[in-house]
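Enquirer: pasting the sequence and the predicted model now:
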Amino acid sequence: MAQIILVTSFKGGVGKTTISANLSYCLAQKTNKVIVCDCDLESRCLDMMFKIKNRRFSTSAT
């Protein structure tokens, strides 16, 4: 059964990305699959934390 963990705050610079990265890394060591979604469209920092190339994406509002 899938579980969702949401890390959120209205204030910037409180460690949301760090917590998300560390939590996902630890959960990946214990479970089979982990998906991490960085929804900050202005500064996606998970790319840097996991040392992967910045991936292109598209969004649309309807």
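Expert: Here it is on my side, so go on.
Enquirer: so what does the helix or strand harbouring M48 touch, helix or strand wise?
Expert: Assessed by DSSP states H and E, M48 sits inside helix 46-49. Applying 3 or more CB pairs under 8 Å, 6 or more residues apart in numbering; DSSP states H and E, one finds that helix 46-49 contacts helix 16-30. Placement of C-beta: from N, CA and C, glycine included.
Enquirer: buried ones in the helix it packs on?
Expert: Applying a neighbour-count criterion of 16 or more other CB atoms under 10 Å, one finds 16-17, 20-21, 24 buried in helix 16-30.
Enquirer: what's near enough to touch the closest residue to D38 other than its chain neighbours?
Expert: Nearest-residue entry for D38: L46, 4.3 Å, with adjacent residues in sequence omitted and distances by CB to CB, 6 or more residues apart in numbering. By CB atoms under 8 Å, 6 or more residues apart in numbering, the contact set of L46 is 17, 20-21, 36, 38.
Enquirer: what residue ranges in this structure are flagged as low confidence?
Expert: Along the chain, the parts satisfying pLDDT under 70 run over 54-62.
Enquirer: can you rerun that using 90?
Expert: 1-4, 8-17, 20-21, 24-25, 27-28, 30-62 (pLDDT under 90).
Enquirer: OK, contacts around the closest residue to T8 other than its chain neighbours?
Expert: Once flanking residues are discounted, T8 sits nearest to K16: 6.8 Å by CB to CB, 6+ apart. Each residue near K16 by CB under 8 Å, 6+ apart is listed here: 7-9.
Enquirer: any figure for the gap between the residue nearest to D38 and I35?
Expert: 11 Å (CB to CB, to the nearest Å).
Enquirer: overlap in contacts, these two.
Expert: With CB under 8 Å, 6+ apart, L46 and I35 have no common neighbours.
Enquirer: that older thread, what comes up buried for the helix holding M48?
Expert: Those would be 46, 49, for helix 46-49 by 16+ other CB under 10 Å.
Enquirer: how about it as CSV, C-alpha atoms only?
Expert: Taking C-alpha atoms only, helix 46-49 is exported to CSV below (Å, rounded to 0.1, in the frame of the first residue of the first chain):
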residue,chain,number,x,y,z
LEU,A,46,16.6,18.4,-5.0
ASP,A,47,18.5,18.2,-8.3
MET,A,48,21.6,19.6,-6.6
MET,A,49,21.2,17.5,-3.5
